[in-house]
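Asks: Take this sequence and fold it.
(2 chains)
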Amino acid sequence: MIRTSFIGHLAVLILLLAAWPATAVLASVRHFTFLYEAPTSPPGSVELENTVTWQHGPNWNDVFIREELEIGITDRFQLGIYPLDWSHHSENGLEYNGGAVELIYNLSNPVVDPVGISLYEEISVARQHFESESKLIAQKNFGRWIFDYNATLEAEWEDRHLEEHAGEFQQALGASYEISPRLSVGLEFLHEFVFPDWRDDEKIRNVFVGPNVSYRRHQWFVTVTALAQATDTADEPNFQLRTIFGVGF
Amino acid sequence: MKKVPALLKVERVVPNALVKIYAATPPRLKSRSENAIHLTLSLLVALSVLVSCETSNYVPPVTLAMTATGSRVKGSVNSATLERGRTLFAHRCIECHTLPAMWKYSREDWPKIVNDMSHRASLKPAERDAIVAYILAVRANEH
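Replies: Alright, predicted model coming up:
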(Lines give C-alpha, C1' and ligand atoms only; values in the text may rest on other atoms or scores of the structure.)
Protein backbone atom coordinates (compact mmCIF):
# COMPACT_ATOMS: atom_id res chain seq x y z
CA MET A 1 0.00 0.00 0.00
CA ILE A 2 2.74 2.36 1.01
CA ARG A 3 4.73 1.36 -2.07
CA THR A 4 1.78 2.06 -4.44
CA SER A 5 1.31 5.48 -2.87
CA PHE A 6 5.02 6.24 -3.23
CA ILE A 7 5.04 5.25 -6.92
CA GLY A 8 1.95 7.43 -7.47
CA HIS A 9 3.66 10.46 -5.92
CA LEU A 10 6.81 9.76 -7.93
CA ALA A 11 4.81 9.62 -11.18
CA VAL A 12 3.15 12.97 -10.40
CA LEU A 13 6.55 14.49 -9.59
CA ILE A 14 8.05 13.22 -12.88
CA LEU A 15 5.08 14.60 -14.83
CA LEU A 16 5.45 17.98 -13.15
CA LEU A 17 9.19 18.06 -13.80
CA ALA A 18 8.58 17.21 -17.46
CA ALA A 19 5.98 19.95 -17.85
CA TRP A 20 7.70 22.76 -15.92
CA PRO A 21 10.67 23.50 -18.20
CA ALA A 22 8.25 24.82 -20.84
CA THR A 23 7.44 27.73 -18.54
CA ALA A 24 10.78 27.81 -16.78
CA VAL A 25 12.20 30.94 -15.16
CA LEU A 26 15.68 30.59 -13.73
CA ALA A 27 15.89 32.24 -10.32
CA SER A 28 19.59 33.05 -10.07
CA VAL A 29 22.81 31.42 -11.13
CA ARG A 30 25.38 30.61 -8.46
CA HIS A 31 28.95 31.56 -9.39
CA PHE A 32 30.20 30.17 -6.05
CA THR A 33 29.13 27.17 -3.98
CA PHE A 34 30.45 28.07 -0.51
CA LEU A 35 29.43 31.73 -0.80
CA TYR A 36 26.08 33.41 -1.36
CA GLU A 37 25.75 36.33 -3.77
CA ALA A 38 23.98 39.64 -3.15
CA PRO A 39 21.41 39.66 -6.02
CA THR A 40 18.10 38.01 -5.16
CA SER A 41 15.81 36.05 -7.47
CA PRO A 42 13.30 37.94 -9.66
CA PRO A 43 9.75 38.04 -8.29
CA GLY A 44 7.69 35.06 -9.38
CA SER A 45 10.66 32.84 -10.18
CA VAL A 46 10.93 29.33 -8.74
CA GLU A 47 14.05 27.20 -8.86
CA LEU A 48 15.13 23.83 -7.49
CA GLU A 49 18.72 23.69 -6.29
CA ASN A 50 20.44 20.44 -5.46
CA THR A 51 23.63 20.72 -3.41
CA VAL A 52 25.95 17.75 -2.89
CA THR A 53 29.04 18.10 -0.71
CA TRP A 54 31.60 15.35 -0.40
CA GLN A 55 34.07 15.66 2.47
CA HIS A 56 37.16 13.52 2.71
CA GLY A 57 39.10 13.09 5.96
CA PRO A 58 42.08 10.90 6.91
CA ASN A 59 39.91 7.79 7.46
CA TRP A 60 36.44 8.91 6.60
CA ASN A 61 34.13 10.16 3.85
CA ASP A 62 30.91 12.10 4.39
CA VAL A 63 28.31 13.17 1.83
CA PHE A 64 25.74 15.92 2.45
CA ILE A 65 22.73 16.41 0.18
CA ARG A 66 20.43 19.43 0.30
CA GLU A 67 17.38 20.18 -1.83
CA GLU A 68 16.26 23.79 -1.93
CA LEU A 69 13.19 25.38 -3.44
CA GLU A 70 14.11 29.01 -4.11
CA ILE A 71 11.30 31.51 -4.64
CA GLY A 72 11.58 35.17 -5.65
CA ILE A 73 8.99 37.13 -3.65
CA THR A 74 9.79 40.74 -4.56
CA ASP A 75 12.64 42.47 -6.39
CA ARG A 76 14.62 42.43 -3.14
CA PHE A 77 13.25 39.55 -1.11
CA GLN A 78 13.84 35.83 -1.62
CA LEU A 79 12.61 32.76 0.23
CA GLY A 80 14.32 29.38 0.29
CA ILE A 81 12.82 26.16 1.61
CA TYR A 82 14.97 23.11 2.35
CA PRO A 83 12.58 20.20 2.85
CA LEU A 84 15.22 17.48 2.51
CA ASP A 85 18.63 17.54 4.16
CA TRP A 86 20.38 14.18 4.02
CA SER A 87 23.85 13.02 4.87
CA HIS A 88 25.84 9.82 4.69
CA HIS A 89 28.68 9.23 7.13
CA SER A 90 31.35 6.52 7.10
CA GLU A 91 30.47 5.60 10.70
CA ASN A 92 26.72 6.19 11.03
CA GLY A 93 25.42 5.59 7.52
CA LEU A 94 22.46 7.53 6.13
CA GLU A 95 20.85 10.25 8.27
CA TYR A 96 17.94 12.62 7.75
CA ASN A 97 18.95 16.02 9.07
CA GLY A 98 15.58 17.79 9.02
CA GLY A 99 14.61 20.89 7.07
CA ALA A 100 15.34 24.59 6.95
CA VAL A 101 13.99 27.94 5.82
CA GLU A 102 16.13 30.81 4.56
CA LEU A 103 15.30 34.46 3.94
CA ILE A 104 17.47 36.86 1.94
CA TYR A 105 16.86 40.59 1.74
CA ASN A 106 18.82 42.70 -0.72
CA LEU A 107 19.79 46.24 0.32
CA SER A 108 21.96 47.47 -2.54
CA ASN A 109 23.14 46.53 -6.02
CA PRO A 110 26.70 45.33 -6.75
CA VAL A 111 26.89 47.19 -10.08
CA VAL A 112 25.15 50.53 -9.50
CA ASP A 113 25.97 51.02 -5.79
CA PRO A 114 29.47 51.08 -4.26
CA VAL A 115 28.84 47.62 -2.72
CA GLY A 116 25.96 45.20 -3.13
CA ILE A 117 24.75 44.14 0.32
CA SER A 118 22.25 41.44 1.32
CA LEU A 119 21.20 40.05 4.67
CA TYR A 120 20.62 36.32 5.09
CA GLU A 121 18.97 34.29 7.84
CA GLU A 122 18.50 30.52 7.90
CA ILE A 123 16.74 28.50 10.56
CA SER A 124 17.24 24.70 10.58
CA VAL A 125 15.17 22.39 12.70
CA ALA A 126 15.55 18.66 13.23
CA ARG A 127 15.01 16.17 16.01
CA GLN A 128 17.05 17.37 18.99
CA HIS A 129 18.69 20.01 16.83
CA PHE A 130 18.12 23.73 16.24
CA GLU A 131 20.41 25.96 14.23
CA SER A 132 20.51 29.61 13.25
CA GLU A 133 22.78 30.94 10.51
CA SER A 134 23.07 34.69 9.88
CA LYS A 135 25.07 36.19 7.03
CA LEU A 136 26.18 39.52 5.75
CA ILE A 137 26.74 39.24 2.00
CA ALA A 138 28.84 41.88 0.23
CA GLN A 139 29.50 41.79 -3.49
CA LYS A 140 31.04 44.02 -6.13
CA ASN A 141 30.95 43.50 -9.88
CA PHE A 142 33.63 45.04 -12.08
CA GLY A 143 32.93 44.25 -15.71
CA ARG A 144 33.37 40.49 -16.02
CA TRP A 145 34.67 40.13 -12.46
CA ILE A 146 32.56 39.27 -9.42
CA PHE A 147 34.08 39.75 -5.95
CA ASP A 148 32.12 38.33 -3.06
CA TYR A 149 32.47 38.35 0.73
CA ASN A 150 30.32 36.54 3.31
CA ALA A 151 30.53 36.94 7.08
CA THR A 152 28.56 34.15 8.76
CA LEU A 153 27.62 33.53 12.37
CA GLU A 154 26.27 30.07 13.15
CA ALA A 155 24.73 28.99 16.44
CA GLU A 156 23.51 25.46 17.09
CA TRP A 157 21.81 23.66 19.94
CA GLU A 158 21.77 19.87 20.13
CA ASP A 159 20.89 16.95 22.35
CA ARG A 160 17.77 15.95 24.24
CA HIS A 161 17.02 19.29 25.86
CA LEU A 162 19.16 21.26 23.42
CA GLU A 163 21.79 21.44 26.15
CA GLU A 164 24.81 21.12 23.88
CA HIS A 165 25.58 24.31 22.10
CA ALA A 166 28.29 25.52 19.79
CA GLY A 167 29.06 28.48 17.58
CA GLU A 168 31.08 29.29 14.53
CA PHE A 169 32.14 32.47 12.79
CA GLN A 170 33.15 32.14 9.19
CA GLN A 171 34.40 34.60 6.66
CA ALA A 172 34.55 33.66 3.02
CA LEU A 173 36.05 35.41 0.04
CA GLY A 174 35.46 34.64 -3.60
CA ALA A 175 36.45 35.96 -7.00
CA SER A 176 34.90 34.84 -10.26
CA TYR A 177 35.73 35.76 -13.86
CA GLU A 178 33.23 35.29 -16.66
CA ILE A 179 35.02 33.78 -19.63
CA SER A 180 31.80 33.79 -21.65
CA PRO A 181 28.13 34.43 -20.73
CA ARG A 182 27.89 30.68 -20.05
CA LEU A 183 31.17 29.92 -18.32
CA SER A 184 32.89 31.37 -15.23
CA VAL A 185 35.94 30.31 -13.27
CA GLY A 186 37.09 31.53 -9.88
CA LEU A 187 38.55 31.00 -6.42
CA GLU A 188 36.93 30.48 -3.03
CA PHE A 189 38.53 30.94 0.36
CA LEU A 190 37.03 30.04 3.75
CA HIS A 191 38.32 31.03 7.18
CA GLU A 192 36.47 29.43 10.10
CA PHE A 193 36.59 30.16 13.82
CA VAL A 194 34.97 27.31 15.76
CA PHE A 195 33.67 27.86 19.31
CA PRO A 196 32.66 24.60 21.08
CA ASP A 197 30.35 25.52 24.00
CA TRP A 198 30.76 29.11 22.83
CA ARG A 199 34.31 29.13 24.17
CA ASP A 200 37.53 29.84 22.33
CA ASP A 201 39.80 27.80 24.62
CA GLU A 202 40.86 25.40 21.89
CA LYS A 203 41.56 28.16 19.32
CA ILE A 204 40.15 26.10 16.44
CA ARG A 205 40.82 27.83 13.14
CA ASN A 206 40.24 26.23 9.76
CA VAL A 207 41.25 27.54 6.37
CA PHE A 208 40.07 26.10 3.06
CA VAL A 209 40.98 27.34 -0.39
CA GLY A 210 40.33 26.14 -3.91
CA PRO A 211 39.05 26.80 -7.45
CA ASN A 212 35.54 26.76 -8.86
CA VAL A 213 33.86 26.57 -12.25
CA SER A 214 30.30 27.49 -13.21
CA TYR A 215 28.40 26.66 -16.38
CA ARG A 216 24.89 27.86 -17.24
CA ARG A 217 22.55 27.21 -20.10
CA HIS A 218 18.91 28.28 -20.64
CA GLN A 219 17.03 27.07 -17.55
CA TRP A 220 19.80 25.36 -15.62
CA PHE A 221 23.27 25.85 -14.20
CA VAL A 222 25.93 23.78 -12.49
CA THR A 223 28.72 25.09 -10.25
CA VAL A 224 31.53 23.01 -8.76
CA THR A 225 34.12 23.98 -6.11
CA ALA A 226 37.04 21.89 -4.84
CA LEU A 227 38.54 23.02 -1.54
CA ALA A 228 41.65 21.78 0.24
CA GLN A 229 42.33 22.39 3.91
CA ALA A 230 45.31 24.67 4.44
CA THR A 231 45.35 24.09 8.21
CA ASP A 232 45.97 20.92 10.23
CA THR A 233 42.67 20.50 12.09
CA ALA A 234 42.22 16.76 12.56
CA ASP A 235 38.40 16.65 12.66
CA GLU A 236 37.96 18.76 9.55
CA PRO A 237 38.07 17.40 5.98
CA ASN A 238 41.34 17.57 4.13
CA PHE A 239 39.43 17.93 0.89
CA GLN A 240 35.86 18.79 -0.02
CA LEU A 241 33.98 19.01 -3.28
CA ARG A 242 30.65 20.80 -3.61
CA THR A 243 28.33 20.75 -6.61
CA ILE A 244 25.20 22.87 -6.98
CA PHE A 245 22.82 22.04 -9.79
CA GLY A 246 19.93 24.46 -10.30
CA VAL A 247 16.96 24.24 -12.61
CA GLY A 248 14.25 26.88 -13.11
CA PHE A 249 10.54 26.09 -13.13
CA MET B 1 87.91 66.81 22.88
CA LYS B 2 85.55 67.08 19.94
CA LYS B 3 81.86 67.18 20.90
CA VAL B 4 79.68 64.45 19.29
CA PRO B 5 76.27 65.71 18.11
CA ALA B 6 73.29 64.19 19.96
CA LEU B 7 71.81 62.70 16.73
CA LEU B 8 74.96 60.69 16.04
CA LYS B 9 74.87 59.30 19.58
CA VAL B 10 71.33 58.02 19.00
CA GLU B 11 72.37 56.43 15.70
CA ARG B 12 75.19 54.60 17.46
CA VAL B 13 73.03 53.35 20.32
CA VAL B 14 69.80 52.27 18.57
CA PRO B 15 71.24 49.77 16.04
CA ASN B 16 73.00 47.87 18.84
CA ALA B 17 69.81 47.76 20.87
CA LEU B 18 67.88 46.46 17.86
CA VAL B 19 70.45 43.76 17.24
CA LYS B 20 70.11 42.60 20.85
CA ILE B 21 66.31 42.50 20.64
CA TYR B 22 66.42 40.64 17.31
CA ALA B 23 68.93 38.12 18.70
CA ALA B 24 66.74 37.51 21.77
CA THR B 25 63.62 36.85 19.65
CA PRO B 26 63.29 33.22 18.50
CA PRO B 27 62.70 32.81 14.76
CA ARG B 28 58.96 32.52 14.07
CA LEU B 29 57.83 29.93 11.57
CA LYS B 30 54.76 30.71 9.51
CA SER B 31 51.93 28.24 9.91
CA ARG B 32 50.15 26.69 6.93
CA SER B 33 47.06 28.78 7.63
CA GLU B 34 49.06 32.00 7.59
CA ASN B 35 50.66 30.99 4.32
CA ALA B 36 47.24 30.24 2.85
CA ILE B 37 45.84 33.57 4.02
CA HIS B 38 48.80 35.46 2.58
CA LEU B 39 48.59 33.55 -0.69
CA THR B 40 44.86 34.23 -1.07
CA LEU B 41 45.16 37.89 -0.16
CA SER B 42 48.02 38.26 -2.64
CA LEU B 43 45.89 36.65 -5.33
CA LEU B 44 42.98 38.97 -4.52
CA VAL B 45 45.27 42.01 -4.71
CA ALA B 46 46.56 40.77 -8.08
CA LEU B 47 42.96 40.27 -9.25
CA SER B 48 41.96 43.76 -8.14
CA VAL B 49 44.86 45.16 -10.19
CA LEU B 50 43.52 43.25 -13.19
CA VAL B 51 40.04 44.57 -12.45
CA SER B 52 41.26 48.13 -12.73
CA CYS B 53 41.39 47.46 -16.49
CA GLU B 54 37.58 47.08 -16.41
CA THR B 55 36.53 50.39 -14.92
CA SER B 56 34.08 51.57 -17.61
CA ASN B 57 30.57 52.37 -16.39
CA TYR B 58 28.31 49.57 -17.59
CA VAL B 59 25.14 51.26 -16.31
CA PRO B 60 25.46 55.01 -16.91
CA PRO B 61 22.88 57.21 -15.14
CA VAL B 62 19.94 58.64 -17.07
CA THR B 63 20.61 62.15 -18.41
CA LEU B 64 18.37 64.82 -19.92
CA ALA B 65 19.93 64.14 -23.31
CA MET B 66 18.94 60.46 -23.02
CA THR B 67 15.36 61.41 -22.13
CA ALA B 68 15.18 63.76 -25.12
CA THR B 69 16.53 61.06 -27.42
CA GLY B 70 14.16 58.48 -25.97
CA SER B 71 11.05 60.61 -26.47
CA ARG B 72 12.16 61.52 -30.02
CA VAL B 73 12.57 57.86 -30.98
CA LYS B 74 9.50 56.60 -29.14
CA GLY B 75 6.95 59.12 -27.86
CA SER B 76 6.03 57.33 -24.62
CA VAL B 77 9.58 57.11 -23.25
CA ASN B 78 10.18 59.49 -20.36
CA SER B 79 12.83 59.75 -17.67
CA ALA B 80 10.84 57.49 -15.29
CA THR B 81 10.77 54.72 -17.93
CA LEU B 82 14.51 55.07 -18.53
CA GLU B 83 15.22 55.00 -14.77
CA ARG B 84 13.07 51.87 -14.45
CA GLY B 85 14.92 50.33 -17.41
CA ARG B 86 18.27 51.13 -15.81
CA THR B 87 17.24 49.59 -12.48
CA LEU B 88 15.90 46.44 -14.13
CA PHE B 89 18.98 46.13 -16.35
CA ALA B 90 21.27 46.37 -13.30
CA HIS B 91 19.19 44.02 -11.12
CA ARG B 92 17.77 41.31 -13.35
CA CYS B 93 20.59 40.67 -15.82
CA ILE B 94 23.26 40.07 -13.14
CA GLU B 95 21.25 37.23 -11.64
CA CYS B 96 22.69 34.95 -14.34
CA HIS B 97 25.72 36.73 -15.83
CA THR B 98 27.79 39.89 -15.53
CA LEU B 99 26.59 42.91 -17.49
CA PRO B 100 27.90 43.13 -21.03
CA ALA B 101 29.28 46.44 -22.30
CA MET B 102 26.51 48.10 -24.30
CA TRP B 103 28.79 48.76 -27.27
CA LYS B 104 29.39 45.02 -27.56
CA TYR B 105 26.15 44.57 -29.53
CA SER B 106 24.60 46.75 -32.20
CA ARG B 107 21.47 48.88 -31.66
CA GLU B 108 19.59 46.49 -33.94
CA ASP B 109 20.67 43.44 -31.90
CA TRP B 110 19.72 44.72 -28.44
CA PRO B 111 15.89 44.43 -28.69
CA LYS B 112 16.21 40.79 -29.81
CA ILE B 113 18.75 39.96 -27.08
CA VAL B 114 16.58 41.46 -24.33
CA ASN B 115 13.50 39.76 -25.75
CA ASP B 116 15.26 36.37 -25.78
CA MET B 117 16.34 36.83 -22.15
CA SER B 118 13.08 38.32 -20.88
CA HIS B 119 11.42 35.04 -19.97
CA ARG B 120 14.46 33.76 -18.11
CA ALA B 121 14.72 37.06 -16.21
CA SER B 122 10.99 37.00 -15.41
CA LEU B 123 10.42 40.32 -17.24
CA LYS B 124 6.95 41.57 -18.10
CA PRO B 125 6.53 43.18 -21.58
CA ALA B 126 6.59 46.73 -20.14
CA GLU B 127 9.75 45.92 -18.15
CA ARG B 128 11.43 44.45 -21.23
CA ASP B 129 10.55 47.58 -23.24
CA ALA B 130 11.92 49.83 -20.50
CA ILE B 131 15.29 48.00 -20.59
CA VAL B 132 15.46 48.25 -24.39
CA ALA B 133 14.54 51.97 -24.25
CA TYR B 134 17.30 52.59 -21.68
CA ILE B 135 19.96 50.72 -23.66
CA LEU B 136 19.03 52.44 -26.94
CA ALA B 137 19.02 55.85 -25.21
CA VAL B 138 22.52 55.19 -23.84
CA ARG B 139 23.75 54.03 -27.25
CA ALA B 140 22.22 57.06 -28.99
CA ASN B 141 24.10 59.41 -26.65
CA GLU B 142 27.51 57.77 -26.95
CA HIS B 143 30.27 60.14 -27.93
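
Asks: going forward, measure contacts and count neighbours with C-alpha atoms only.
Replies: Will do.

Asks: List the contacts of residue 140.
Replies: No chain specified, so I'll use chain A. By CA atoms under 8 Å, 6 or more residues apart in numbering or on different chains, the contact set of residue A:140 is A:110, A:111, A:114, A:115, A:116, A:146, A:147, A:148.

Asks: try again with chain B
Replies: B:66, B:69.

Asks: What pLDDT is listed against it?
Replies: On the pLDDT scale, residue B:140 is placed at 87.

Asks: Tabulate the contacts of residue A:140 (CSV), appending secondary structure, distance to chain B and pLDDT.
Replies: Formatted as CSV, these follow (DSSP: H, G, I helix; E, B strand; the rest coil; distance: CA to the nearest CA, whole Å; pLDDT from 0 to 100):
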residue, secondary structure, distance to chain B, pLDDT
A:110, coil, 9, 96
A:111, coil, 7, 94
A:114, coil, 12, 93
A:115, coil, 13, 96
A:116, strand, 11, 96
A:146, strand, 8, 96
A:147, strand, 9, 96
A:148, strand, 11, 97
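
Asks: Looking at those, state which has the most neighbours.
Replies: Neighbour counts for those (other CA atoms under 10 Å in any protein chain shown) peak at residue A:148, which has 26 neighbours.

Asks: Okay, and the beta partners of that one?
Replies: residue A:139, residue A:174 (DSSP bridges).

Asks: so it touches residue A:142, yeah?
Replies: No: counting by CA atoms under 8 Å, residue A:148 does not reach residue A:142; the two are 11.3 Å apart.

Asks: the domain parsing of chain B - what is it?
Replies: Here the domain parsing of chain B from automatic domain parsing is B:7-56, B:64-140.

Asks: Among the ones you listed, which one carries the weakest average confidence?
Replies: Looking at the domains of chain B, the weakest mean confidence is domain B:7-56, a mean of 58.

Asks: low pLDDT regions in chain A?
Replies: A:1-27 (pLDDT under 70).

Asks: Now do the strands in it.
Replies: Per DSSP state E, chain A carries strands over the ranges A:46-56, A:61-72, A:77-89, A:93-96, A:99-106, A:116-126, A:129-142, A:145-158, A:164-180, A:183-196, A:204-217, A:220-229, A:239-248.

Asks: May I have the strands that pair with the third one, each with its orientation?
Replies: If I follow you right, that is strand A:77-89. Using DSSP bridges, the strands paired with strand A:77-89 are strand A:61-72 (antiparallel), strand A:93-96 (antiparallel), strand A:99-106 (antiparallel).

Asks: Format those strands as TSV; extra columns: mean neighbour count.
Replies: Output for these, formatted as TSV (neighbours: other CA atoms under 10 Å in any protein chain shown):
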stretch	mean neighbour count
strand A:61-72	20
strand A:93-96	12
strand A:99-106	20
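
Asks: Across the sheet, point out what pairs with residue A:63.
Replies: Here residue A:63, judged by DSSP bridges, has bridge partners residue A:54, residue A:88.

Asks: For residue A:129, see how far away it is.
Replies: Note on residue A:63: its distance to residue A:129, by CA to CA, to the nearest Å, is 19 Å.

Asks: got it, and residue B:113?
Replies: Counting by CA to CA, the gap from residue B:113 to residue A:129 is 48 Å.

Asks: what's the answer for residue A:209, then?
Replies: 29 Å.

Asks: More neighbours: which of the two?
Replies: Higher neighbour count among residue A:209 and residue A:129: residue A:209, with 24 against 19, using other CA under 10 Å.

Asks: Once you drop chain neighbours, what's closest to the more buried one?
Replies: residue A:189 (4.4 Å; CA to CA, 6 or more residues apart in numbering or on different chains).

Asks: Next: residue A:62.
Replies: Leaving aside its chain neighbours, residue A:62 sits nearest to residue A:89 (4.6 Å; criterion: CA to CA, 6+ apart).

Asks: what does residue B:95 give?
Replies: Here the residue nearest residue B:95, using CA to CA, 6+ apart, is residue A:28, at 4.8 Å.

Asks: Give the burial count for the one you found, as a bare number.
Replies: Quick note: residue A:28 (other CA under 10 Å) scores 30 neighbours.

Asks: ok, now the one 4 residues further on?
Replies: Here the neighbour count serves as a burial measure; for residue A:32 (other CA under 10 Å) it reads 29.

Asks: Distance of it relative to residue A:235?
Replies: Separation of residue A:32 from residue A:235 (CA to CA): 24 Å.

Asks: returning to that earlier point: which residues sit in contact with the residue nearest to residue A:62?
Replies: Contacts of residue A:89 (CA under 8 Å, 6+ apart): A:60, A:61, A:62, A:63, A:95.
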